[in-house]
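>>> Only the shape, not the letters, is given here:
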């Protein structure tokens, strides 16, 4: 049986005693299928251990491709709730709960002020919960659900360069103890799944694009990243772009610091679960 849980060890105790004195990183995590919390795979293990490797954040701002709007929109509910925005999965998945508190009014206003200072149009949604792109990875990284979370929508028609600027506007939050988590997928061609098993062999057109992405981020080749559509097999790996776009927010939020690869693995052969830190 696979379930969400939490075990307290020496590393957890150390982290809980730490004051947030350093600037937090921005993260890009590949969230995989909605049933990742119930799937025995290395990506689930990685995310389940990631929280122990991070300073304890005061709050988490999360960007997911499963909430797209015309302008950046903040989910300002006082109590977050998991949204089951999928169908056809095992019944036990719909019984998982992840309902952390939302941001305080003061912290939410801080986010709005930073976006206004950058002259971005904004909106708020006081009823929005956490779609699976947000709660699935967060439920593994921070399973106690006691850290305030605020979702930020992904502007649907913004270019990668605009999304980098959006991240730059939010970068100062990292000094205030806010962890910025951009959730998406390093590769995302669901049309190529074709009944593949979780541990199916990975074709060259998937591993080649992932290798290009790792090299580009670790070298800080931002011009190359912005021109990702000309990367090897880019169209095959991202026939639609929404699952890669959160990456640009994470890059901007780091003020374009070079990336560190935190994890590389695959699910169903064609879904890269690569995750990166920028600090």
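Noted; the coordinates are in hand. These figures come from a predicted structure and were not determined experimentally. Numbers count the residues shown, from 1 in each chain.

>>> List the contacts of the residue nearest the centre of the chain.
The chain has residue 183 as the residue nearest its centroid, 1.9 Å off, counting by CA atoms, centre = their mean. With contact set as CB atoms under 8 Å, 6 or more residues apart in numbering, residue 183 has these partners: 28, 29, 30, 31, 62, 63, 64, 65, 133, 134, 137, 246. Quick note: C-beta positions are derived from backbone N, CA and C, even for glycine.

>>> Is it inside a helix or a strand, and which specific one?
Assessed by DSSP states H and E, residue 183 sits inside strand 178-184.

>>> Surely residue 81 touches residue 129?
Yes - using CB atoms under 8 Å, residue 81 makes contact with residue 129 at a distance of 4.1 Å.

>>> which helices and strands does the longest helix seen in the chain pack with?
The single longest helix within the chain, with elements called by DSSP state H, is helix 204-218. If you count contacts as 3 or more CB pairs under 8 Å, 6 or more residues apart in numbering; DSSP states H and E, helix 204-218 packs onto helix 222-226, helix 234-237, strand 259-263, strand 271-272.

>>> now the angle from the helix or strand following the second one to strand 259-263?
Using DSSP H and E, the next helix or strand after helix 234-237 towards the C-terminus is helix 246-253. Helix 246-253 and strand 259-263 are oriented at 130 degrees to each other (axes from the mean of the first three to the mean of the last three CA atoms, to 10 degrees).

>>> Centre of the chain to helix 246-253, how far?
Distance of helix 246-253 from the chain centroid (CA atoms, centre = their mean, to the nearest Å) equals 10 Å.

>>> buried residues in stretch 167-183?
167-171, 173-174, 177-183 (16 or more other CB atoms under 10 Å).

>>> ugh, wrong one, I meant stretch 207-214
207, 208, 209, 210, 212, 213, 214.

>>> So the fifth one sits against residue 232, correct?
Pointing back at residue 212 there. Yes - Residue 212 is in contact with residue 232 according to CB under 8 Å; the separation is 5.4 Å.

>>> strands paired with the longest strand along the chain, and their directions?
In the chain, with assignment by DSSP state E, the single longest strand is strand 59-69. According to DSSP bridges, strand 59-69 has the following sheet partners: strand 149-155 (parallel), strand 178-184 (parallel).

>>> May I see the ones you listed organised as JSON lines, with mean pLDDT and distance to residue 258 added?
Converted to JSON lines, those look like this (pLDDT from 0 to 100; distance: least, CB to CB, whole Å):
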{"stretch": "strand 149-155", "mean pLDDT": "98", "distance to residue 258": "23"}
{"stretch": "strand 178-184", "mean pLDDT": "98", "distance to residue 258": "16"}
